[in-house]
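Enquirer: what follows is a predicted protein model with its sequence.
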Amino acid sequence: MSAIRYLSKSRVQSGRQCHRRLWLEVHRRSSLAWSPQAQARLDAGSRFGELAQSLLGGGLLIDAGHQEANQALAQTAAALTRPASEVPRLFEPAFEHEGVRVRVDALERGPDGDRLVEVKSTTGVKEPYLWDCAIQTWVARGAGRPVRSVAIGHVDSRFVYRSEGDYRGLLAVTDITAQVEALVPLVADVVALLKQVVAGDEPAIATGAHCSTPYDCPFLDHCASQEPAPPAFPITVLPRAGKLLERLAALGYSDLTQVPDTLLDSELHRRIALVSRTGTPWTSGALPDLLASLPYPRHYLDFETVSFIIPRWLGTRPFQALPFQFSCHTEAADGSLQHTGFLDLSGAAPMADFVEAVLAAVGRVGPILVWNRGFEAGVLRRLAADFPRRATELEAAADRMIDLLPIYREHYYHPDQRGSWSIKAVLPTVAPDLDYGDLAVSDGQAAQLAYQEAIAPGTPPERHTELREQLERYCELDSLAMVQLVRHWAP
């Protein structure tokens, strides 16, 4: 006799996103592949969930693991036999109904019924959260609980960490009862359909936009590996295409090189299509003169930042981009380069020392060249608010920033960019000798993970040294890349 396959809240949500994802979660978990970045987000969310328990006022934790469903159900049933005055709040209680098992983040018992609280490590309420709560409410009520209200506990973005260890105010609680009640009657039919999906064969569903909406699917590589090789230039290389991609797919187009220009309204999209068809890079005649006109000294600047859901340092906010590293190449009129770098891996708040170092590196004259000015200038302006003694200089530095990204977007495109103007997409087409591929840390998310590992108390000294070297190589390459992207056209 085959084992009963229970659904859970997360499996129901997976099935709502894609029937094939649900089927694979049940039958082919070995094909699941979480990225290190995705796992780090899950871990950070778990830490916020644990803190939220104390911020909600504490209570009884059902401590059976998530793989110990029967034990969790028994512990919950035992706890609920005790009076509400003795156990007013339960964390991680387990409920089962119609073959669906759930663990509720918090269940608050009151004289008029229960309040269900779902904790999310984001700054507001999103549509998938309403379904999370509707599923849990349907199961809890089916198991006999009188759920009267439902809320989302989330991060309050206005919170500022003022006193060591005091996170009161970090958790905001938003009532979503009305929205959830509208969805609860729909849950039974969704569950019935998904049970049929699980009991059947693997659904034949092609990869597409649903693979990342609302969440990235950990089975994407598995599904893609079973599909025919895509065209060299699929229509998905068109940036910010949205509805256009849907229209092109509905018309039967998958290969951008086959799409007629009459179906492309954007000049940028037509340019990408032309370059894809011909294989010939496109450069505006204005680009060399535009870059050559940049005055000296030129400061090529790149930041690395880290953000925490639970603020780590006093005076900081949740999700605030906190700079811990920069690389600056300063180019003089004679072509000489001077490099200045900063990296703080002490674990202490790096922002004050960062401010002093970056202001010294860029001086008071000359353009500051960056890739994505909105981010870099935003970091400096937030630092100006936090360090008023240096605010004038920081604001002035932000005003001096020139963004190379829109310049390249307007004046250059190479077929190997595949619709992207990230510096990592553009650089190999101009300076192939500079390569991110050999770096252990090769993007901003990896830099954040490396930083957090380096400042962790248990990191061995030799690993700490290794991480420092990796971060320095990566950040220095980012600023050197901008030097080459200017010099290539305006030596």
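Expert: Nice, thanks for sending it over.

Enquirer: ranges for the strands of the stretch 151-300 of the chain?
Expert: Using DSSP state E, counting those that start in this stretch, the strands of the stretch 151-300 of the chain run over 171-175, 282-283, 298-306.

Enquirer: and the longest helix along the chain with strand 298-306, angle?
Expert: Criterion DSSP state H: the longest helix present in the chain is helix 461-487. Counting by axes from the mean of the first three to the mean of the last three CA atoms, to 10 degrees, helix 461-487 lies at 140 degrees to strand 298-306.

Enquirer: helix 461-487 - what's its average pLDDT?
Expert: The average pLDDT within helix 461-487 is 96.

Enquirer: for it, buried residues please.
Expert: For helix 461-487, burial by neighbour count (16 or more other CB atoms under 10 Å) applies to 466-468, 470-483, 485-487. In short, each C-beta sits where N, CA and C put it, glycine included.

Enquirer: quick one, phi psi at the closest residue to residue 481 other than its chain neighbours?
Expert: Spatial nearest neighbour of residue 481, chain neighbours left out: residue 427 (4.7 Å); criterion: CB to CB, 6 or more residues apart in numbering. As for residue 427, its main-chain torsions (degrees, to the nearest 10) stand at phi -50, psi -50.

Enquirer: residue 427: neighbour count?
Expert: 23 (other CB atoms under 10 Å).

Enquirer: which other helices and strands does the one helix or strand residue 428 maps to contact?
Expert: Residue 428 is part of helix 423-430, with elements assigned from DSSP states H and E. On a contact count with 3 or more CB pairs under 8 Å, 6 or more residues apart in numbering; DSSP states H and E, helix 423-430 meets helix 461-487.

Enquirer: quick one: the helix it packs on to helix 423-430, angle?
Expert: Using the same axes, to 10 degrees, helix 461-487 lies at 60 degrees relative to helix 423-430.

Enquirer: now do helix 461-487: which elements does it pack against?
Expert: Using 3+ CB pairs under 8 Å, 6+ apart: helix 461-487 touches strand 298-306, strand 322-331, strand 337-343, strand 368-370, helix 404-411, helix 423-430, helix 444-455.

Enquirer: tell me which of these sits most buried.
Expert: strand 368-370 (a mean of 25; mean count of other CB atoms under 10 Å).

Enquirer: partner strands of it and their direction?
Expert: strand 298-306 (parallel), strand 401-403 (parallel) (DSSP bridges).

Enquirer: would you list the ones you listed in TSV and tack on distance to residue 131?
Expert: Listed next are the strands paired with strand 368-370 as TSV, based on distance: least, CB to CB, whole Å:
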stretch	distance to residue 131
strand 298-306	31
strand 401-403	39
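
Enquirer: if I look at residue 258, how far off is residue 338?
Expert: According to CB to CB, to the nearest Å, residue 258 and residue 338 sit 50 Å apart.

Enquirer: nearest residue to residue 444 other than its sequence neighbours?
Expert: Per CB to CB, 6+ apart, closest to residue 444 is residue 304, 6.7 Å.

Enquirer: dig out what that neighbour forms beta bridges with.
Expert: Beta-bridge partners of residue 304, as defined by DSSP bridges: residue 325.

Enquirer: show me what contacts it?
Expert: Residues in contact with residue 304 (CB atoms under 8 Å, 6 or more residues apart in numbering) are 323-326, 444, 447-448, 451, 471, 474-475.

Enquirer: ok, residue 234 next?
Expert: Residue 234 touches 254-256, counting by CB under 8 Å, 6+ apart.

Enquirer: which of the residues you listed count as buried?
Expert: Buried among these by 16+ other CB under 10 Å: residue 256.

Enquirer: and the contacts of residue 234 as JSON lines, adding pLDDT and distance to residue 317?
Expert: Compiled in JSON lines, the contacts of residue 234 are given as follows (pLDDT from 0 to 100; distance: CB to CB, whole Å):
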{"residue": "254", "pLDDT": "93", "distance to residue 317": "44"}
{"residue": "255", "pLDDT": "96", "distance to residue 317": "46"}
{"residue": "256", "pLDDT": "97", "distance to residue 317": "42"}
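
Enquirer: take the contacts of residue 234 and keep only those in helices.
Expert: Among the contacts of residue 234, no member falls in helices (DSSP H).

Enquirer: now, which of the contacts of residue 234 sits nearest residue 271?
Expert: Nearest to residue 271 among the contacts of residue 234 is residue 256, at 11.7 Å by CB to CB.

Enquirer: residue contacts, residue 490?
Expert: 288-289, 291-292, 294.

Enquirer: same deal with residue 367?
Expert: Residue 367 makes contact with 294-295, 298-299, 400-402 under the criterion CB under 8 Å, 6+ apart.

Enquirer: show me which of these is closest to residue 26.
Expert: For the contacts of residue 367, the nearest to residue 26 is residue 401 (50.6 Å; CB to CB).
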